Structure formats: C-alpha cells, structure tokens
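Participant: Sequence first, predicted model second:
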Amino acid sequence: LGKEMVLITKEQKRAVLSYLLNEGVIVVKKDTHLAKHQYLDVPNLNVMLIMKTLTSKKLVEEIFSWQWSYYTVTNEGVKFLREYLGVAENVVPATFKKGPRTKEDRERGERRERGDRPFRGRGGRGRGRGGRGRGGFRGGYRGEQEPAAQPQETAEQMILTNSNSQFLHSPNAPNKTIQTLC
C-alpha cells in the first residue's frame with residue numbers, strides 16, 4: 001500500500017545505543033528524509049524508529065519541542081543498554097556523572113550572608129502567600145475607588161488653548177461666536 005519496511009542493521013542499532021549509553025541523551029530532528037543523523041553515521045529515520053521503540057519500552061523519556069525530540073535514558077534504560085552492549089556495570093552515561101566542581105561553582109552554591117537585610121519569611125520578597133504583591137486577588141468589594149488621574153495636556157494642546165483664549169479676550173475680537181479649530 002505504498003509503505004516500505006525500514007530495515008535497521010545491527011551495526012546501526014549498536015551505534016545508536018552505544019551513543020545513548022555514552023552520552024545519556026540524544027537529540028533527533030523530526031525529519032524522515034534527512035540522510036544522516038547529526039552526530040551519528042546512521043539515517044535519521046532509523047534513529048527515530050530506534051528511539052520510538054525504546055520510548056515504548058520506557059527505557060528513555062521523550063520531550064518533543066519545535067520539531068526536535070530530546071531523549072533521556074532512564075535507570076532501567078541504562079541496565080538494558082549495559083546488557084545489550086555487553087559492557088561492565090561501572091559504565092554510566094555522561095549525564096549520570098558528576099564533574100569536578102570549580103571554584104566558581106562552589107562560590108555560587110554557597111549560601112550568602114543576609115547582612116543587614118530583614119528576615120522576610122518564606123515569600124521571598126516580603127509578600128508571602130496572600131500578600132499584596134503585583135496582581136492577583138486584592139480583596140472583596142472595590143466600589144469606592146479614587147477617581148482615575150486626568151491625562152496631562154500635551155505642549156501642543158497648551159499652546160492652542162492659550163492662543164485661542166488670548167484671541168477671544170483681546171479687544172479686537174468680533175462680538176459674534178468664534179469657532180476655533182482644535
């Protein structure tokens with residue numbers, strides 16, 4: 001009916017699974033016509049199908065965004081990959097390893113002293129739950145409110161009103177009604 005079988009060789013499957021075990025994550029563009037995957041020498045369609053199979057077995061977790069699939073291997077997936085590839089128990093993906101902490105990381109991670117700042121509780125900005133922060137619920141009946149502020153006159157409006165009033169109050173003004181252009 002127009003659908004062709006996609007044959008995935010053992011070498012291609014092994015390449016995808018070993019990459020997944022080494023890195024712990026893989027990114028696949030949703031493009032079935034792409035000749036090769038961006039990091040592997042395997043057709044992109046084959047990588048998509050292998051990852052679809054692993055997702056259905058709950059060996060990887062998928063996040064799909066903007067035509068890209070982001071796959072992360074689970075703990076069960078790591079066990080499966082070790083067994084399938086025949087590697088030792090001490091082999092773990094790069095995402096499972098903790099890298100050496102640098103001095104900047106240690107400084108950033110340490111709690112800072114409060115100094116002279118007052119304690120603000122759990123709200124973070126002094127408002128906490130139900131506080132009067134920005135937006136949100138502000139109380140019940142709001143019938144009596146202050147009247148809205150009147151907009152300020154622009155410089156053009158001030159000049160026009162001043163010139164019109166000078167003309168109207170000048171001794172040379174005619175007695176009949178004057179229409180002003182504003």
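Facilitator: Nice, thanks for sending it over. Because the structure is a prediction, the values reported are computed rather than measured.

Participant: tell me the strands in the chain, going along the chain?
Facilitator: 25-29, 60-65, 68-73 (DSSP state E).

Participant: Tell me the predicted confidence for the closest residue to T95 other than its chain neighbours.
Facilitator: Spatial nearest neighbour of T95, chain neighbours left out: G24 (3.2 Å); criterion: CB to CB, 6 or more residues apart in numbering. Where C-beta positions appear, they are placed from N, C-alpha and C, glycine not excepted. Looking at G24, its pLDDT reads 92.

Participant: re earlier: nearest to T95 among the strands of the chain would be which one?
Facilitator: Ranking these by their distance to T95 (criterion: CB to CB) puts strand 25-29 first, at 5.9 Å.

Participant: Adjacent strands (with direction) for the closest one?
Facilitator: Here strand 25-29 is paired, per DSSP bridges, with strand 68-73 (antiparallel).

Participant: Of all the residues in the strand it pairs with, which ones are buried?
Facilitator: Residues of strand 68-73 classed as buried: 69, 71-73 (neighbour count, 16 or more other CB atoms under 10 Å).

Participant: before we move on, back to that, isn't the residue nearest to T95 up against A94?
Facilitator: Yes. Using CB atoms under 8 Å, G24 is in contact with A94, at 5.4 Å.
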